[in-house]
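Novice: compute the structure for the input listed below.
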Amino acid sequence: MSEDRHATAPLAVVTGATAGLGLETAKGLAAQGYRVIITARNVERGELACHAIRTHAPRVTVRHEALDLDSLASVRDFAARLNRDESSLARLINNAGIMALPRLERTQDGFERQLGINYLGHFLLTSELLPLLTAATAPRVVQLSSLAHRGGRIAFDDLNGETLYDPWRAYRQSKLAMLLFAQALQKQSDARQWGLMSLAAHPGLSRTALFDDGVKSRPVIGSVFKLTLPLISQSAAEGARPTLHAALSDHVGPGDYIGPDGLGETRGAPKLAHRARNTRDPAVEARLWEVSCELTGARWETTHPA
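Specialist: Purely as a prediction, here's the structure:
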């Protein structure tokens, strides 16, 4: 049994926290006294991220755990370890993501990779960690969405891009799915008395490696945009502020969506963010929940099988 099981500090898990927004979010949680688990596919990158967090807050308890959101089996293995070694989980930050892959790629389970990594892996992860979340005092789950959700559509007839794959269409769909997930999770919690606060956040336009990868799918437009990006964007540390506000502030409520308050929500201090019309159809939200359960096998049980 892990020694951390008996620790008094609340536990936070941040996916994709080896760099960028996730690393800055993990630093912020550690600075507020949370024990932090960062997830990483690569052991060396995980160790480096832990070192960076300890440098930022020397007395914190931080460790990395293996998790590959490309694989539902890896998600289940990670969750099984946490359910075995921990007694509760106060904060789950579903931050990891990829952007605008130029060509259609698939996860180990056959999903289009942006849908699989950005959304479906987190959907299953949250379900598998539900026993720990419901055992915590006032737990919160934060989903990372994006300004890109505004142009998204859940293509139930072509979720995996088999008929038509477009890099940005797939990215927009995955980020819309994350916002719909946050909304649906709050409704499920309220109906089934899980006691969760489910929120979503977006970082505006933040200068991270994720964005660099994304613009490669549109080389000409991307090159022009990268020249103007410093004028309209913010750092990863600033971009993490909405996530940390959602995770930590006393001035947020169930189902809130947090983003920057600057021009077009591209940068600035955290505030309630704008939800596009495509987030307001309860039938789409409910259908996405059902389809996601079918695709991932998510059970949403508050007790973990022995």
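
Novice: separation between residue 117 and residue 302?
Specialist: To residue 302, residue 117 is 26 Å away according to C-beta to C-beta, to the nearest Å. From N, CA and C alone the C-beta is placed, and that goes for glycine too.

Novice: revised request: answer the last question for residue 71.
Specialist: For residue 71, the distance to residue 302 (C-beta to C-beta) stands at 25 Å.

Novice: when the two are compared, which one has more neighbours?
Specialist: The neighbour comparison of residue 71 against residue 302 (other C-beta atoms under 10 Å) goes to residue 71, with 18 against 14.

Novice: give the contact list for the more buried one.
Specialist: 107, 108, 109 (C-beta atoms under 8 Å, 6 or more residues apart in numbering).

Novice: wait, which of those is closest to residue 135?
Specialist: Of all the contacts of residue 71, residue 109 has the smallest distance to residue 135: 28.5 Å, by C-beta to C-beta.

Novice: next, give phi and psi for the closest one.
Specialist: Backbone geometry at residue 109, expressed as degrees, to the nearest 10, gives phi -100, psi 10.

Novice: pretty sure it contacts residue 72?
Specialist: Yes: using C-beta atoms under 8 Å, residue 109 is in contact with residue 72, at 5.2 Å.

Novice: of the two, which one has the most company?
Specialist: Legend: neighbour count by other C-beta under 10 Å for residue 109 and residue 72, higher for residue 72 (24 against 16).

Novice: same question for stretch 271-282, mean pLDDT?
Specialist: For stretch 271-282, mean pLDDT is 97.

Novice: buried ones in it?
Specialist: Going by neighbour count (16 or more other C-beta atoms under 10 Å), the buried part of stretch 271-282 is 273, 275, 278, 279.

Novice: ok, the first one touching residue 262?
Specialist: Pointing back at residue 273 there. No: using C-beta under 8 Å, residue 273 is not in contact with residue 262, being 11.6 Å away.

Novice: how about the residue nearest the centre of the chain, nearest residue that isn't a chain neighbour?
Specialist: In the chain, the centroid-proximal residue (C-alpha atoms, centre = their mean) is residue 94; its distance is 2.3 Å. Leaving aside its chain neighbours, residue 94 sits nearest to residue 122 (4.0 Å; criterion: C-beta to C-beta, 6 or more residues apart in numbering).

Novice: give me the next element, helix or strand, following the helix or strand hosting that neighbour.
Specialist: For residue 122, the host element (DSSP states H and E) is helix 121-128. Counting by DSSP H and E, the next helix or strand C-terminal to helix 121-128 is helix 130-134.

Novice: using PDB, write out every CA atom in that following helix.
Specialist: Taking C-alpha atoms only, helix 130-134 is exported to PDB below (Å, rounded to 0.1, in the frame of the first residue of the first chain):
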ATOM      1  CA  LEU A 130     -15.300   7.700 -10.000                       C
ATOM      2  CA  PRO A 131     -14.900   5.600  -6.800                       C
ATOM      3  CA  LEU A 132     -12.000   7.800  -5.700                       C
ATOM      4  CA  LEU A 133     -13.700  11.000  -6.700                       C
ATOM      5  CA  THR A 134     -16.900  10.200  -4.800                       C
END
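
Novice: buried residues in the next helix or strand after that helix?
Specialist: Using DSSP H and E, the helix or strand that follows helix 130-134 in sequence is strand 140-144. Applying a neighbour-count criterion of 16+ other C-beta under 10 Å, one finds 140, 141, 142, 143, 144 buried in strand 140-144.

Novice: what segments of the stretch 1-150 of the chain are strands?
Specialist: Taking DSSP state E, counting those that start in this stretch to define them, one finds strands in the stretch 1-150 of the chain at 11-14, 35-40, 62-66, 91-94, 140-144.

Novice: out of these, flag the one nearest residue 286.
Specialist: In terms of C-beta to C-beta, the element of these nearest to residue 286 is strand 140-144, at 16.9 Å.

Novice: and the angle for that closest one with helix 121-128?
Specialist: If you take axes from the mean of the first three to the mean of the last three C-alpha atoms, to 10 degrees, strand 140-144 sits at 170 degrees to helix 121-128.

Novice: alpha carbons only: can I get strand 140-144 in CSV?
Specialist: Provided in CSV are the C-alpha atoms of strand 140-144 (Å, rounded to 0.1, in the frame of the first residue of the first chain):
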residue,chain,number,x,y,z
ARG,A,140,-14.0,18.6,-9.0
VAL,A,141,-13.3,17.3,-12.5
VAL,A,142,-12.1,19.9,-15.1
GLN,A,143,-12.3,19.2,-18.8
LEU,A,144,-10.0,21.1,-21.2
